[in-house]
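**Student:** everything below, folded, please.
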Amino acid sequence: MKYFVLGSTYVVRLDAGEKIIETLKALCERDGIGGGYFHGLGAVGEAEIGRFDPESNDYAWARLVGAYEIVSLYGNITVADGKPFIHAHIALGDNTFAVRGGHLKEAAVSVTCEVTLTRFRDEIARTKDGANGLWKLALDSGGD
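**Tutor:** Sure thing, here's the model as predicted:
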């Protein structure tokens, strides 16, 4: 990973073989980023994506292997249990121009991935929801 910082914005390049979520978590840990958002584009050779099923209270996962273009990558950065928490969604285009997407568990870059990350001044926490086990935003001080 290579990056530079412009004020509160990080311009990040991931290279072939690097994992997107793992790399962003490491950057957040190293630089103490506990709140923010990001978006990106590029290409991956494999990815694990999912969708949450409220009936089963669990994710259904799909593993994609092959040449996929990142049509859209976006997410937020918060803190859960004292560590950076990356919540990301991705849309991936295949060689037929069909797009598949969902929650991004992890993806390995095949060529490059360019991410723009904006860091918030303050941390945003997450708390575990007892009903479904999801880590939800802890927005106790916010409005209804």
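
**Student:** hey, what's the residue lying closest to residue 94 once chain neighbours are set aside bridged with?
**Tutor:** Beyond its immediate neighbours in the sequence, the residue positioned closest to residue 94 (CB to CB, 6 or more residues apart in numbering) is residue 68, lying 5.9 Å away. Using the backbone N, CA and C atoms, a C-beta is placed for each residue, glycine as well. According to DSSP bridges, the residues that bridge with residue 68 are residue 44.

**Student:** next: residue 114.
**Tutor:** Each beta-bridge partner of residue 114 is listed here: residue 13, residue 41, as defined by DSSP bridges.

**Student:** quick one, what contacts it?
**Tutor:** 11, 12, 13, 14, 40, 41, 42 (CB atoms under 8 Å, 6 or more residues apart in numbering).

**Student:** do you know how far the closest residue in space to the last one that isn't next to it in sequence is from residue 30?
**Tutor:** The one in question is residue 42. Closest residue to residue 42 in three dimensions, ignoring its sequence neighbours and counting by CB to CB, 6+ apart: residue 113, at 3.4 Å. With the distance defined as CB to CB, to the nearest Å, residue 113 ends up 18 Å from residue 30.

**Student:** what about the two, which has more around it?
**Tutor:** Neighbours of residue 113 and residue 30, each counted by other CB atoms under 10 Å, are more numerous for residue 113; the result is 26 against 9.

**Student:** please enumerate the helices of this structure.
**Tutor:** For the chain, helices defined by DSSP state H occupy the ranges 20-31.

**Student:** where along it do the strands fall?
**Tutor:** Listed in chain order, the strands of the chain (DSSP state E) span residues 2-6, 9-15, 36-53, 58-80, 83-93, 99-119, 126-128, 135-137.

**Student:** right, and the ones you listed - which one's nearest residue 24?
**Tutor:** For those, proximity to residue 24 was assessed by CB to CB; strand 83-93 is nearest, at 5.3 Å.

**Student:** look at the most centrally placed residue in the chain and report its pLDDT.
**Tutor:** Nearest to the centroid of the C-alpha atoms of the chain, with distances taken as CA atoms, centre = their mean, sits residue 88, at 2.9 Å. Residue-level confidence at residue 88 comes out at 98, pLDDT.
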